[in-house]
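Asker: Got a predicted model here, sequence first, then my questions.
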Amino acid sequence: MLKINNIKIRADLKDEEVLDFALKKNKIKKDDVLEWNISKKSIDARKKDDIFYVYSIDIKVKNEEKYHFLDKVKKISFPKVKINKNFSNPPIIIGAGPSGLFAALTFIENGIRPIVIEQGQDVDKRKETIDNFFKTGKLNTLSNVQFGEGGAGTFSDGKLNSGINSPYCKKVLEKFVLFGAPKEILYESKPHIGTDKLISVIKNMREYMIKKGANFYFNTKACDFLIKDNKINGIIVKDLLTNEKREILSSDVILAIGHSSRDTFYKLFDKNIYMEKKNFSVGVRIEHLQSDINKAQYGTITKLRLPPADYKLSCHLENGRSCYTFCMCPGGYVIASSSEENTIVTNGMSNFLRDGKNANSAVLVNVTPSDFESPSPLCGIDFQKELEEKAFKLGGSNYFAPIQKFGDFLENKKTTKLRKSSSYIQTRSYFF
Ligand SMILES: Cc1cc2nc3c(=O)[nH]c(=O)nc-3n(C[C@H](O)[C@H](O)[C@H](O)COP(=O)(O)OP(=O)(O)OC[C@H]3O[C@@H](n4cnc5c(N)ncnc54)[C@H](O)[C@@H]3O)c2cc1C
């Protein structure tokens with residue numbers, strides 16, 4: 001295929017119109033086009049009085065030699081995934097977040113039927129449980145915004161960004177489209193699905209895998225690990241509905257347990273599994289009116305129907321720390337995301353349309369192992385817990401988040417009145 005790059009468009013065009021524009025500009029006959037697809041779309045808003053879309057299109061043409069002035073689309077080669085197919089027992093995957101689901105899909109595509117163990121509920125029941133938490137403040141510590149089918153990102157913005165440049169990124173997006181995500185995620189520079197759509201994508205993915213022979217066990221916790229002579233022989237699981245425990249034997253266990261399953265980390269530590277301290281970041285959510293962000297990014301002149309704007313800020317300090325924004329949610333909500341009793345954790349969430357009144361993002365600062373005196377590799381968890389428990393008390397001890405105006409935060413002052421309301425979902429918020 002050939003690539004037409006850098007197609008600058010200053011109007012809201014339909015896909016077919018973008019193709020016509022690009023063909024005309026490059027003097028390509030439409031009759032010569034056999035196949036085409038948009039491969040990239042981004043917005044250039046550097047000059048507020050001249051905002052435009054930038055597209056790339058891939059085309060397959062008759063008489064390719066006529067169009068020698070166009071570059072060829074680079075073929076992506078995927079390193080072969082080698083899987084030993086002689087399993088005496090099926091492989092076990094603990095966790096049905098993105099890592100666990102894609103590990104399971106890779107097995108299925110190689111003719112192997114994995115067992116997936118997930119402590120939370122399937123994504124439909126999980127949604128009901130989360131809605132109930134938002135309404136009543138009754139937290140289910142095993143099925144919530146962080147735990148359950150789809151993992152921690154499901155009830156978030158559904159942003160599909162990754163800091164890595166790997167051909168597999170495209171593959172992941174293609175799989176999401178196969179299971180029902182909008183095809184635009186294949187070419188938009190900042191692909192986004194949104195919680196509302198992601199739920200059915202995850203469900204379709206699981207149903208496909210079950211049809212192909214995968215076994216999914218929800219409400220089931222991996223509570224112990226059978227290790228002998230430094231080798232894994234299986235796990236002990238607890239059915240959380242009946243409290244019954246049983247062994248599942250396998251010499252292949254994938255831990256896809258994510259970032260917040262603290263009890264499992266402690267269990268693995270007790271089992272002498274090697275662990276290291278790592279860097280992480282902590283911070284708060286900041287909210288603004290989406291209209292303010294749109295104005296700041298796009299100005300007021302453009303007539304284009306642009307999506308709700310986002311931003312990314314960072315500041316590197318001389319003391320080695322960085323302060324930066326992360327997981328910006330245009331038109332989104334701040335939601336209560338706790339997974340442990342009496343703690344406050346917040347996250348940003350938005351639906352596909354991103355049509356909420358407010359925008360929010362995380363403002364974070366990095367912490368490193370040198371910030372902690374304790375030699376334990378898990379000491380960072382104690383630090384996180386302390387902050388989360390303090391926030392819980394400050395919020396009124398009922399999963400309402402403490403809230404403060406940014407100006408007051410900078411001046412270390414208590415906030416007593418808000419001019420604009422927060423979108424925080426767990427009913428409302430307390431000032432502190
Ligand atoms: C609140 C929040 C919001 C986020 N928003 C975004 C976003 O918008 N975009 C983005 O790209 N990234 C986002 N991230 C990051 C993203 O969610 C993670 O990178 C991603 O979820 C990691 O995937 P994972 O499969 O490794 O782990 P997880 O998604 O955390 O999944 C792990 C799963 O394992 C299960 N589990 C854990 N222990 C056990 C056990 N012992 N037995 C059985 N099951 C177990 C958990 O219940 C969970 O469902 C967010 C993260 C968080 C915490």
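Answerer: Nice, thanks for sending it over.
Asker: Hmm, Leu226 and Lys271 touching each other?
Answerer: No. In this structure Lys271 lies outside contact range of Leu226 using CB atoms under 8 Å: 9.7 Å. C-beta here means a position set from N, CA and C on the backbone, and glycine is covered the same way.
Asker: The two: which has the busier surroundings?
Answerer: Neighbours of Lys271 and Leu226, each counted by other CB atoms under 10 Å, are more numerous for Leu226; the result is 16 against 12.
Asker: Report pLDDT for the more buried one.
Answerer: The model reports Leu226 with a pLDDT of 97.
Asker: I figured it was touching Ile235, is that so?
Answerer: Yes. Between Leu226 and Ile235 there is a contact at 6.4 Å, judged by CB under 8 Å.
Asker: any residues in contact with both of those two?
Answerer: Glu247 (CB atoms under 8 Å, 6 or more residues apart in numbering).
Asker: for the stretch 251-400 of the chain, what spans make up the strands?
Answerer: 253-255, 280-289, 314-316, 322-329, 333-336, 346-349, 358-367 (DSSP state E, counting those that start in this stretch).
Asker: quick one, which of these is nearest to Ile381?
Answerer: strand 280-289 (10.0 Å; CB to CB).
Asker: Just the buried positions in stretch 337-352, please.
Answerer: 337-340, 343-351 (16 or more other CB atoms under 10 Å).
Asker: do you know how far Cys344 is from Gly395?
Answerer: Slight slip there: residue 344 is Ile, not Cys. Separation of Ile344 from Gly395 (CB to CB, to the nearest Å) stands at 6 Å.
Asker: Now do the contacts for Thr154.
Answerer: Taking CB under 8 Å, 6+ apart, one finds 123, 126, 148, 195, 198-199, 202 in contact with Thr154.
Asker: Most neighbours among those residues, which one?
Answerer: Going by other CB under 10 Å, Gly148 tops the contacts of Thr154 with 30 neighbours.
Asker: wait, doesn't that residue sit right on Glu128?
Answerer: No. In this structure, Gly148 is not within contact of Glu128 by CB under 8 Å, at 10.8 Å.
Asker: Just the pLDDT at the residue nearest to Phe352 when sequence neighbours are not counted, thanks.
Answerer: In space, Phe352 comes closest to Gly194 once its chain neighbours are excluded; the distance is 3.3 Å by CB to CB, 6 or more residues apart in numbering. For Gly194, the model assigns a pLDDT of 84.
Asker: Counting neighbours, what do you get for Gly194?
Answerer: So Gly194, with other CB under 10 Å, has 22 neighbours.
Asker: OK, contacts around Ile381?
Answerer: Ile381 touches 262, 265, counting by CB under 8 Å, 6+ apart.
Asker: try 7 Å
Answerer: Arg262 (CB atoms under 7 Å, 6 or more residues apart in numbering).
Asker: any idea how far it lies from Leu101?
Answerer: 25 Å.
Asker: Likewise for Gln146?
Answerer: 16 Å.
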